[in-house]
Each structure stands twice: as structure tokens, then as C-alpha cells.
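Peer 1: I would like to see how this sequence folds:
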Amino acid sequence: QAHLVESGGGLVQPGGTLRLSCAASGAIFDNYFSTYTMSWYRQAPGKERDWIATIISTGAATNYADSVKGRFTISRDNAKNMVYLEMIRLKPEDTAVYYCKAVHSPSRTHYWGQGTQVTVSS
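Peer 2: As a prediction, this is how the structure comes out:
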């Protein structure tokens, strides 16, 4: 079993900050979380789900979509089976449901969380 649960979303004013968390649990993640590449995606109303950030299994490298580069920071704590997304200088166009995704390339398996809503509005 493998479960991803996002949290930390909410309503924030433009220019504000939020920190999202993704908790990985279940037998698969308890044993192999540190081997998974973790990513954050988001889906705005009426739009497709878009990739925004990735962190490799060791945490040594990250990558970001241009739309969030310089404002969002992805990080992970393999000891706690957690992934985070620190978001600063939030804009109304950042409003979306944010999803966590785990990918294990060797086995071609992936898992999604259920999402957490982020609303940026005054």
C-alpha cells in the first residue's frame, strides 16, 4: 500500500506565503520512500493538471516550471517520508488544487495524492 496526503492549503492574500506538505505512508513508502522522485503539480479550474516542481530521491537536485521559479521551493525529508512546497509571493494565478506525485522509475510505478486547495485572493 502507498498513500500520499497533501495538507497546508488555504486562502491567502496576493503576496503571501504558504507551505504545503505531502505525507507518504504505507508499506511501500515506509521501505522505499527514499527511492522515489517526488513532484508537485497543480490544476486550476477548467485547466489541465500542470507540473510545477520535482525533487530527486536524494534531494540533491530540483527542477521548477518557469511560472514558479524563484518563488516556490520543493524539499523533502526522507527520514519523515515528507515532501514540502514552500510558496512565496503568491499570485492570484497560483490558485489551484495542488497535488503531490511519487514516481519510481525502475518499477514504472507512480502514486498521486488527493490534492489540497490553494486560493490566492484579496
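
Peer 1: what about the residue nearest the centre of the chain, distance to Tyr32?
Peer 2: Nearest to the mean C-alpha position of the chain, by Cα atoms, centre = their mean, lies Trp40 at 3.0 Å. According to Cβ to Cβ, to the nearest Å, Trp40 stands 20 Å off from Tyr32. All C-beta atoms are positioned from the backbone trio N, CA, C, and that covers glycine.

Peer 1: so what touches the helix or strand of the chain with the lowest mean pLDDT?
Peer 2: The weakest-scoring helix or strand in the chain, judged by mean pLDDT, DSSP states H and E, is helix 27-32 (a mean of 93). With Cβ atoms under 8 Å, 6 or more residues apart in numbering as the test, helix 27-32 has contacts from Gln1, Ala2, His3, Tyr36, Asn81, Ala102, His104.

Peer 1: tell me how many other residues crowd the second one.
Peer 2: So that's Ala2. 18 (other Cβ atoms under 10 Å).

Peer 1: again, but for the first one
Peer 2: Neighbourhood size, Gln1 [other Cβ under 10 Å]: 9.

Peer 1: for the fifth one, same thing?
Peer 2: Applying other Cβ under 10 Å, we find 18 other residues in the vicinity of Asn81.

Peer 1: quick check: pLDDT value at it.
Peer 2: In this prediction, Asn81 carries a pLDDT score of 97.
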